[in-house]
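Chemist: The amino acid sequence is not available; the structure is as follows:
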């Protein structure tokens, strides 16, 4: 992620990712295009101004691949337009609620605008939207301690603080301080994390006894699960056959199948409005053609935040602890996401850093403040961007495509809801399979490196948090490398990060204390 000497923005300057038996990377297999070799010679000349600005030819991509990748990313993460209102529309401590329609429209607006900015300024295929992990924190604090304007004000402050860290170079320095072993483990862990997200979205795994259960009563029962299974098998076949646009085709075909199934079987939602549960229903969106396609967006909640209201309600120390918890989650979620997506697209350099990362980090930090100011919570770089990269995206042009689609979705919110999570989930599982292939590059003969990598990989899916995985990896890495007498190999900033994570993991007793 951090900017170094900028040897090249092209894929040829990046460290090669793990290859298949044919010599291609998993991302190239998914995109249906063989990987360029280092012996291919000099970079291709740009065909036009658009090509030159985004470096499309320089990264061995094409206009078609960028558009296709942008489409895939959008359809993979479009669920946020519906899911974010569900999370944020609950009552706060004052009993006030955010209107569902307004949250949906503004979620699409902020995601679209910031993703376009990321594409134009950052020039990498990263899409942004409201962060679900951060939303969980925000929703809890709103329900127990703060009003919506007050918690959104703290989110704005968190975003401004991260922006300062970017401008001072601290955020980039932190990324460079993380050793390659942990960076690779982060990418692998996110591969597993994506897989468990996909399986949970499809209903293959669900909360149960003792921890999780398989399907419905231990069986893959219900039409929605059938749609997921068909979509997963179809997408897998397309990927191994190297069909161009494999992930996008899988999403579209699965959605069409889901619409037909719902029209014939009348499955209905998994959770009805009266609170009853239909275990065999659709998890989120019911894939039925909407009564109306176009609707005027409700932007009434934009600007409804109180910058220092939270300090007045719960005190300075308690408010600062909330800002810290949100900032740590936002900070390291982005570190993990950029590492994983960059590795998947062979965009990292030999030290596993992203060349020219400063604009990416700046846009991401501004997005946090912008999300709070718009009352839809902190926006951050989305791991679902990996699906577009796996389908061929390599430049910011793909992000422009994704962002424009989100802006259009403001007016077509009913149409966006047609794609059920069961149709998008297969793409996440396949991308997870592609990303974990990097596990072969880890060092396995030194347990002081193996254990931190293992904890990083394991805790991401098992705790449903990128931040928790990175935190466990950093703390254990500093401790174990010191224990075996390799303290000098630990970057000084790693000690700072480890201390910050110790505070992060101890936040609950600290909050009770203050």
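Modeler: Thanks, I have it. Since this is a predicted model, take the numbers as computed values, not measurements.
Chemist: Only C-alpha atoms from now on, for both contacts and neighbour counts.
Modeler: Noted.
Chemist: What score does residue 273 have for pLDDT?
Modeler: We have a pLDDT of 71 for residue 273.
Chemist: and the longest helix along the chain, how far out from the chain's middle?
Modeler: Looking across the chain with DSSP state H, the single longest helix is helix 316-344. Relative to the chain's own centre, helix 316-344 is displaced by 12 Å; criterion: Cα atoms, centre = their mean, to the nearest Å.
Chemist: likewise stretch 205-217?
Modeler: The answer for stretch 205-217 is 24 Å, by Cα atoms, centre = their mean.
Chemist: tell me which residues in it are buried?
Modeler: 205, 206, 213, 214, 215, 216 (16 or more other Cα atoms under 10 Å).
Chemist: all strands for the stretch 351-500 of the chain, in order.
Modeler: Along the stretch 351-500 of the chain, counting by DSSP state E, counting those that start in this stretch, strands occupy 379-381.
Chemist: where in it is pLDDT low?
Modeler: Scanning the stretch 351-500 of the chain for pLDDT under 70 picks out 414, 416-417.
Chemist: just the helices in it please.
Modeler: 358-373, 385-390, 396-409, 413-416, 421-435, 447-463, 466-483, 492-505 (DSSP state H, counting those that start in this stretch).
Chemist: Include distance to residue 98 and mean neighbour count when you put those into a markdown table, please.
Modeler: Output for those, formatted as a markdown table (distance: least, Cα to Cα, whole Å; neighbours: other Cα atoms under 10 Å):
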| stretch | distance to residue 98 | mean neighbour count |
| --- | --- | --- |
| helix 358-373 | 13 | 26 |
| helix 385-390 | 28 | 33 |
| helix 396-409 | 20 | 27 |
| helix 413-416 | 17 | 21 |
| helix 421-435 | 24 | 28 |
| helix 447-463 | 28 | 21 |
| helix 466-483 | 27 | 23 |
| helix 492-505 | 29 | 17 |
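Chemist: out of these, nearest to residue 341?
Modeler: helix 385-390 (5.1 Å; Cα to Cα).
Chemist: contact partners of the closest one?
Modeler: 26-28, 30-31, 68-73, 76, 125-127, 247, 340-341, 344-345, 398, 427-428, 431, 434 (Cα atoms under 8 Å, 6 or more residues apart in numbering).
Chemist: The same query, at a cut-off of 7 Å, please.
Modeler: Applying Cα atoms under 7 Å, 6 or more residues apart in numbering, the contact partners of helix 385-390 are 27, 30-31, 69-70, 72-73, 125-127, 341, 344-345, 427-428, 431.
Chemist: Equivalent analysis for stretch 420-437, please.
Modeler: In contact with stretch 420-437 (Cα under 7 Å, 6+ apart) are residues 18, 26-27, 76, 79, 187-188, 191-192, 194-195, 198-199, 201-202, 224, 227-228, 231-232, 236, 247, 251, 254-255, 283-287, 344, 386-387, 390.
Chemist: Could you rerun that using 6 Å?
Modeler: For stretch 420-437, the external contacting residues (Cα atoms under 6 Å, 6 or more residues apart in numbering) are 26, 76, 188, 191-192, 194-195, 198, 201-202, 228, 231-232, 247, 251, 254-255, 285, 287, 387.
Chemist: Go through stretch 261-269 and flag the buried ones.
Modeler: 261, 262, 267, 268, 269.
Chemist: Looking at these, which one is closest to residue 493?
Modeler: residue 269 (48.4 Å).
Chemist: Name the residues linked to that closest one by a beta bridge.
Modeler: residue 282 (DSSP bridges).
Chemist: For the contacts of helix 385-390, work out which two are farthest apart.
Modeler: 30 and 127 (19.1 Å).
Chemist: These two - which one has more neighbours?
Modeler: When neighbours are counted by other Cα atoms under 10 Å, residue 30 and residue 127 differ, and residue 127 comes out ahead with 34 against 31.
Chemist: Pull the contacting residues for that one.
Modeler: 115, 381, 382, 385, 399.
Chemist: doesn't residue 126 make contact with the first one?
Modeler: No: taking contact to mean Cα atoms under 6 Å, the distance of 7.3 Å between residue 115 and residue 126 leaves them out of contact.
Chemist: which residues are common contacts for those two?
Modeler: Common neighbours of residue 115 and residue 126 (Cα under 6 Å, 6+ apart) are residue 399.
Chemist: Any idea how many residues pack against residue 144?
Modeler: 12.
Chemist: and stretch 437-454, how far apart are its ends?
Modeler: Start-to-end span of stretch 437-454 (Cα to Cα, to the nearest Å) is 15 Å.
Chemist: Repeat that for stretch 108-128.
Modeler: First residue to last in stretch 108-128 (Cα to Cα) measures 10 Å.
Chemist: How far off centre is it?
Modeler: Using Cα atoms, centre = their mean, the offset of stretch 108-128 from its chain centre is 13 Å.
Chemist: average pLDDT across that stretch?
Modeler: Mean predicted lDDT for stretch 108-128 stands at 96.
Chemist: where does the stretch 51-200 of the chain have low pLDDT?
Modeler: Residue ranges of the stretch 51-200 of the chain with pLDDT under 70: 86, 89, 133, 136.
Chemist: can you pull out the strands in the stretch 201-350 of the chain?
Modeler: Counting by DSSP E, counting those that start in this stretch, the strands of the stretch 201-350 of the chain are 205-207, 212-214.
Chemist: tell me the mean pLDDT over the last one?
Modeler: Taken as a whole, strand 212-214 has an average pLDDT of 80.
Chemist: If you count contacts, what does that strand end up packed against?
Modeler: strand 205-207 (3 or more Cα pairs under 6 Å, 6 or more residues apart in numbering; DSSP states H and E).
Chemist: ok, residues contacting the strand it packs on?
Modeler: 199, 212, 213, 214, 215.
Chemist: Show me what it pairs with in its sheet, parallel or antiparallel.
Modeler: With DSSP bridges as the test, strand 205-207 pairs up with strand 212-214 (antiparallel).
Chemist: contacting residues around the strand it pairs with?
Modeler: 204, 205, 206.
Chemist: Can you name the residues bridging to the last one?
Modeler: Yep, that's residue 206 we're talking about. Assessed by DSSP bridges, residue 206 has beta-bridge partners residue 213.
Chemist: Quick check: of the contacts of residue 127, which lies closest to residue 276?
Modeler: residue 382 (31.9 Å).
Chemist: ok, that closest one - how many residues close by?
Modeler: 21.
Chemist: does it really touch residue 128, like I thought?
Modeler: Yes: contact between residue 382 and residue 128 holds when scored by Cα under 6 Å: they sit 5.4 Å apart.
Chemist: Please name the residues that touch residue 406.
Modeler: Contacts of residue 406 (Cα under 6 Å, 6+ apart): 108, 112.
Chemist: coming back round to it: so for residue 332, which of the helices of the stretch 351-500 of the chain sits nearest?
Modeler: With Cα to Cα as the yardstick, what comes closest out of the helices of the stretch 351-500 of the chain is helix 466-483 (5.6 Å).
Chemist: how much space between residue 202 and residue 225?
Modeler: 6 Å.
Chemist: Equivalent analysis for residue 191, please.
Modeler: 22 Å.
Chemist: Between those two, point out the one with more neighbours.
Modeler: Shown here are residue 191 and residue 225; by other Cα under 10 Å, residue 191 has more neighbours (31 against 24).
Chemist: could you say which helix or strand contains that one?
Modeler: Under the criterion of DSSP states H and E, residue 191 resides in helix 180-202.
Chemist: and that helix, what does it pack onto?
Modeler: Against helix 180-202 (3+ Cα pairs under 6 Å, 6+ apart) you get helix 421-435, helix 447-463.
Chemist: Can I get the ones you listed in JSON lines including distance to residue 336?
Modeler: Converted to JSON lines, those look like this (distance: least, Cα to Cα, whole Å):
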{"stretch": "helix 421-435", "distance to residue 336": "13"}
{"stretch": "helix 447-463", "distance to residue 336": "10"}
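Chemist: out of the ones you listed, nearest to residue 243?
Modeler: helix 421-435 (13.9 Å).
Chemist: Direction-wise, compare the closest one with helix 180-202 and give the angle.
Modeler: On the basis of axes from the mean of the first three to the mean of the last three Cα atoms, to 10 degrees, helix 421-435 is oriented at 160 degrees to helix 180-202.
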